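A.B. asks: One predicted model, sequence on top.
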Amino acid sequence: MSSPPTPLDQIAPAFAGRLLRPDESGYDDARKVHNGLIDKRPSLIAQCCGMADIADAVRLGRSLGLEIAVRGGGHNPAGRATTNGGLMIDLSRMRSVLVDPARRTARVQGGALWKDVNRETQAYGLAVTGGAVGSTGVGGLTLGGGLGWLMAKHGMTLDNLRSVDLVLADGSLVRASHDENADLFWAVRGGGGNFGVAGSFEFQLHPVGPMVFGGIVAWPLDRARDVLQFYREFSRSVSDDEMIFAAMLTAPDGVTKLVAIAAGYFGSAERADAAMAPIKAFGTPILDTLQPIPYVALNGMLDAAFPKGALNYWKSHFIDTLPDEAIDVLIGQFSRCPTPMGQLMLEHFHGAATRVPVGDTAYALRSEGYNAAIIAEWLDAAQSTACTTWARDAYEALQPFVGERRYVNYLDDDDSVDASLTAVYGPNLARLRQIKKRYDPENVFHLNLNIPPA
């Protein structure tokens, strides 16, 4: 007498993607995420090809009592896209980008990377705010906020979201937009993966490029205090057409320490030179690549600094005003960085991203100021203790200067959940918990900065 079919047997014949067990070919590659520090082994990986596959995978995971992780681009430094012994729902095969140039919209699948989006949208001279690294996943970046080159001119990525197709915890398919499931649409714009598996996004696009003005200007590290003070003063008067980052980092030779400003200008070409001139003229830079550049190249300019498989540990917090004392702390901490791949980065928030009222979306970081990102990145596992300790010590040293908000996409698993929820969502947290109770009362989707149901 044959044994009854298992839940896996029941979905396998119709499953358009691939169901991978640990002993099958391709499993080891599929389980890896961008951060090489994360080494987890799901008991099953469901490589989905569409919304029906996602729905079947969610129902399968629940019927088997497996913890469910969702992998989009797999870029999150905390490694929340995977799980030990559970089910990884892997969207990496779902990378379609369909552009409607007449409506200036794009429908993007949940496994796409920002370099996929930029390639397709730029064919029409269109773009939407995306990450500053092309290998970043669309799904995670969007659901958590979405800072990038165009945020001052066009808002965060989630501010350009028109709709999202999700699979809920019961396996049902819904669309969330301003007109459909509006409470869910409010929640997913900042609430991360707490409410379902986002299989498809529709974005509003904007005319950008294909040529813009941007690049990097760098000075020797001994000019760091002067450069960061200049960056602070310059950032106070920049227009919505401009985006500027600052960083202390090591040059590609692995030895030379630099302080740098990465800038982009997205207004009229006639005004670009004048807008960027103060950066180019400051001090005596040893590198200046600020010039006309394809938008695709600008958005991929930092990719080489974040290779897949490198070990990463990040900490970050928002700083409202960047006083001299904070600059001195940042410089002192960078001098102790044990890895040539490490960086201390400042991301300036201004313009359209800061003019959205806090209550309009779940995402609550709407202040002008600077997101300080402490990026420990290394290749040799023997350095792991030294690098993670450095990042934690640098973060602690910065605490006297931080504001009340944090950017969710940079948080690590060792951050206090309760304190982080308050820092990320502020006055929006209570409403988020009510919506979580409606759409995921059993907290199936909890491998994230988890919002507990009310």
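C.D. replies: Structure received. Residues are numbered from 1 along each chain as shown.

A.B. asks: okay, CA-based contacts and neighbour counts for the rest of this
C.D. replies: Fine.

A.B. asks: Spit out the contact partners of Asp165.
C.D. replies: Listed by Cα atoms under 8 Å, 6 or more residues apart in numbering, the contact partners of Asp165 are Leu173, Val174, Arg175, Ala176, Ala198, Gly199, Ser200, Phe201.

A.B. asks: could I get the residues you listed as a markdown table with pLDDT and secondary structure?
C.D. replies: Shown next, in a markdown table, are those (pLDDT from 0 to 100; DSSP: H, G, I helix; E, B strand; the rest coil):
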| residue | pLDDT | secondary structure |
| --- | --- | --- |
| Leu173 | 98 | strand |
| Val174 | 98 | strand |
| Arg175 | 98 | strand |
| Ala176 | 98 | strand |
| Ala198 | 98 | strand |
| Gly199 | 97 | strand |
| Ser200 | 98 | strand |
| Phe201 | 98 | strand |
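
A.B. asks: So for stretch 45-53, mean pLDDT?
C.D. replies: The average pLDDT for stretch 45-53 rounds to 97.

A.B. asks: can you check stretch 7-16 too?
C.D. replies: For stretch 7-16, the per-residue pLDDT averages 83.

A.B. asks: residues in contact with it?
C.D. replies: Leu19, Cys48, Cys49, Gly50, Asp53, Asp56, Leu60, Ser63, Leu64.

A.B. asks: Which one (most neighbours) among the contacts of Asp165?
C.D. replies: Ala198 (28 neighbours; other Cα atoms under 10 Å).

A.B. asks: so where do the helices sit in this protein?
C.D. replies: Secondary structure of the chain (DSSP state H): helices at 7-11, 27-31, 51-63, 114-122, 138-144, 151-154, 182-188, 224-235, 269-281, 295-299, 324-334, 384-398, 417-425, 429-439.

A.B. asks: Please identify the most buried of those helices.
C.D. replies: Comparing the helices of the chain by mean neighbour count (mean count of other Cα atoms under 10 Å), helix 138-144 ranks first with a mean of 27.

A.B. asks: Is it possible to get CSV of the contacts of Asp165 that adds distance to Gly155?
C.D. replies: Below are these laid out as CSV (distance: Cα to Cα, whole Å):
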residue, distance to Gly155
Leu173, 28
Val174, 26
Arg175, 22
Ala176, 20
Ala198, 21
Gly199, 22
Ser200, 20
Phe201, 16
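
A.B. asks: Now the two most distant members of those.
C.D. replies: Greatest spatial distance in the contacts of Asp165: Leu173 and Phe201, 13.6 Å, computed using Cα to Cα.

A.B. asks: start to end distance for stretch 252-262?
C.D. replies: 16 Å (Cα to Cα, to the nearest Å).

A.B. asks: Counting neighbours, show which residues of it come out buried.
C.D. replies: Within stretch 252-262, the residues that qualify as buried by neighbour count (16 or more other Cα atoms under 10 Å) are Lys257, Leu258, Val259, Ala260, Ile261, Ala262.

A.B. asks: Make CSV from the residues you listed and add pLDDT and distance to Leu344 to it.
C.D. replies: Conversion of the buried residues of stretch 252-262 to CSV gives the following (pLDDT from 0 to 100; distance: Cα to Cα, whole Å):
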residue, pLDDT, distance to Leu344
Lys257, 97, 12
Leu258, 97, 11
Val259, 98, 10
Ala260, 98, 11
Ile261, 98, 12
Ala262, 97, 13
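
A.B. asks: which two in the residues you listed are spaced the farthest apart?
C.D. replies: Lys257 and Ala262 (15.7 Å).

A.B. asks: what's the residue nearest the centre of the chain in contact with, if anything?
C.D. replies: Nearest to the geometric centre of the chain sits Leu141, at 3.5 Å (Cα atoms, centre = their mean). Counting by Cα under 8 Å, 6+ apart, Leu141 makes contact with Gly130, Gly131, Leu147, Thr157, Asn409.

A.B. asks: Of those residues, which is the most crowded?
C.D. replies: Gly130 (28 neighbours).

A.B. asks: Ramachandran coordinates for it?
C.D. replies: Taking degrees, to the nearest 10, you get phi -130, psi -180 for the backbone angles of Gly130.

A.B. asks: what's the spacing between it and Leu113?
C.D. replies: Going from Gly130 to Leu113 by Cα to Cα gives 9 Å.

A.B. asks: shared neighbours of the two, anything?
C.D. replies: With Cα under 8 Å, 6+ apart, Gly130 and Leu113 have common neighbours Val138.

A.B. asks: which parts of stretch 201-208 are buried?
C.D. replies: Residues of stretch 201-208 classed as buried by neighbour count (16+ other Cα under 10 Å): Phe201, Glu202, Phe203, Gln204, Leu205, His206, Val208.

A.B. asks: surely the last one meets Ala123?
C.D. replies: In this case it means Val208. No: with contact defined as Cα atoms under 8 Å, Val208 does not reach Ala123; the gap is 10.7 Å.

A.B. asks: With respect to Leu161, which of the contacts of Asp165 is nearest?
C.D. replies: Phe201 (7.1 Å).

A.B. asks: Spatially nearest residue to that closest one (excluding sequence neighbours)?
C.D. replies: Nearest non-adjacent residue to Phe201, counting by Cα to Cα, 6 or more residues apart in numbering: Val164, 4.5 Å away.

A.B. asks: What about the one you found, how many residues nearby?
C.D. replies: 26.

A.B. asks: Kindly state the beta-bridge partners for it.
C.D. replies: With DSSP bridges as the criterion, Val164 is bridged to Ala176, Phe201.

A.B. asks: rewinding a little: pLDDT and distance to Asp440 for the contacts of Leu141 - can I get that in a markdown table?
C.D. replies: A markdown table is the format used below for the contacts of Leu141 (pLDDT from 0 to 100; distance: Cα to Cα, whole Å):
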| residue | pLDDT | distance to Asp440 |
| --- | --- | --- |
| Gly130 | 91 | 28 |
| Gly131 | 83 | 28 |
| Leu147 | 94 | 27 |
| Thr157 | 98 | 24 |
| Asn409 | 93 | 21 |
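
A.B. asks: for Val296, what are its contacts?
C.D. replies: Neighbouring residues of Val296 by Cα under 8 Å, 6+ apart: Lys115, Asn118, Arg119, Gln122, Pro210.

A.B. asks: List just the nearest of those residues to Tyr395.
C.D. replies: Relative to Tyr395, and with distances defined as Cα to Cα, the nearest of the contacts of Val296 is Lys115, at 30.5 Å.

A.B. asks: and that closest one, how far is that from Phe230?
C.D. replies: As defined by Cα to Cα, Lys115 lies at a distance of 32 Å from Phe230.

A.B. asks: Quick check: the gap between Leu98 and Ala112.
C.D. replies: 11 Å.

A.B. asks: more crowded one of those two?
C.D. replies: Shown here are Leu98 and Ala112; by other Cα under 10 Å, Ala112 has more neighbours (25 against 15).

A.B. asks: Need the pLDDT of Val417.
C.D. replies: Confidence score, pLDDT, at Val417: 84.

A.B. asks: Identify the residues contacting the nearest residue to it once chain neighbours are set aside.
C.D. replies: Leaving aside its chain neighbours, Val417 sits nearest to Leu449 (6.8 Å; criterion: Cα to Cα, 6+ apart). Going by Cα under 8 Å, 6+ apart, Leu449 touches Gly192, Asn194, Val408, Val417, Ser420, Leu421.
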